[in-house]
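S.K.: got a sequence here, can you build the structure:
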Amino acid sequence: MTETADLLGRWAGRAAVRLAHVDSTQNAARGEAEAGAPEGTVVWADHQTAGRGRLGRTWTDEPGAALLVSVLLRPGPNVSCLPQISLLAGVAAAEALGAESGLPVRLAWPNDLLVGGRKVAGILAESVTSKNAEPVVILGLGVNVNQTRFPESLAGRATSLALEAGRPFDRERLLRALLVALEGWYGRWAREGFAPVREAWRRAAETLGRRVLVEEGLAGIAVDLAEDGALLVKTDAGLLVRHVAGELV
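M.R.: Residues are numbered from 1 along each chain as shown. Reported below is the predicted structural model:
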């Protein structure tokens, strides 16, 4: 484990820990939180042996090719708004990755980033309790940066920035851009609430206007993002239902 120089000189990344390999940056960041690390502490690794995504899925990476990072947040009472933190992270990541790559990065509810309809990044927000009982959020982001191949199981469903742009990218530069955007959106959310995040998410949304099958077995069109971050789906029967967790098909 090595501590790097400040990535930004502000809270996001001011205490960055870089690892050659780790089971999961989420686990490593949890350890930092338990040790009392400040908000904005970043853990990033060149390779994960047991990376994970939402719903217990595994996250596969090519060593040295992906951006694997977890950020420690201390949102206080706002920890109950965990889905909103995940959505604001998506907005920040889409903004940063789009600006750095020149690619049209889109958002799929609730936590995926897409280029050309294929997944280029994912987000995992987990709430934990520190030793002093203060609620902590570990925000994980995995970005396919310079991968040139994927497992057969992901063929046609995953891509990388390098494959889409036709050139490699500097992962540390991408991390800096991502942290700047994340700090900006996190601060704005804390000051102004979810409304600005909601509007930005809607503009970048790939999900809205698409036909989806929600977990309850209802099919319909995703029509909007609710004021609390739930996905609003108009079913074939004309009902407007809220989808707050699980996957879309």
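
S.K.: got the buried residues for the longest strand along the chain?
M.R.: Within the chain, and with DSSP state E defining each element, the longest strand by residue count is strand 118-129. Neighbour-count burial for strand 118-129 flags 118-126, 128 (criterion: 16 or more other C-beta atoms under 10 Å). To be clear about C-beta, it is placed using only N, CA and C from the backbone, and glycine gets the same treatment.

S.K.: quick one: end-to-end distance for stretch 103-118.
M.R.: End-to-end distance for stretch 103-118: 12 Å, by C-alpha to C-alpha, to the nearest Å.

S.K.: pull the distance from it to the chain's centre.
M.R.: Stretch 103-118 sits 11 Å away from the centroid of its parent chain (C-alpha atoms, centre = their mean, to the nearest Å).

S.K.: following the lowest-mean-pLDDT helix or strand in the chain, which helix or strand comes up?
M.R.: Of all the helices and strands that make up the chain, strand 2-3 has the lowest average by mean pLDDT, DSSP states H and E, namely a mean of 48. Counting by DSSP states H and E, the next helix or strand C-terminal to strand 2-3 is strand 16-19.

S.K.: grab the most central residue of the chain for me.
M.R.: With distances taken as C-alpha atoms, centre = their mean, I123 lies nearest the centre of the chain, 2.5 Å away.

S.K.: domain-wise, how is this structure divided?
M.R.: 2-204, 211-243 (automatic domain parsing).

S.K.: give me whichever of these is most buried.
M.R.: With neighbours taken as mean count of other C-beta atoms under 10 Å, those reach their highest mean count in domain 2-204, at a mean of 18.

S.K.: beta partners for the spatially closest residue to P75 that is not a sequence neighbour?
M.R.: Using C-beta to C-beta, 6 or more residues apart in numbering and skipping residues adjacent in sequence, the residue nearest P75 is V137, 5.9 Å away. With beta bridges defined as DSSP bridges, V137 has these partners: L73, S127.

S.K.: now do stretch 14-29: distance to the chain's middle.
M.R.: Centre-to-centre, stretch 14-29 and its host chain are 16 Å apart (C-alpha atoms, centre = their mean).

S.K.: pretty sure G90 sits in a strand.
M.R.: No. Counting by DSSP: H, G, I helix; E, B strand; the rest coil, G90 is not found in a strand; it is helix.
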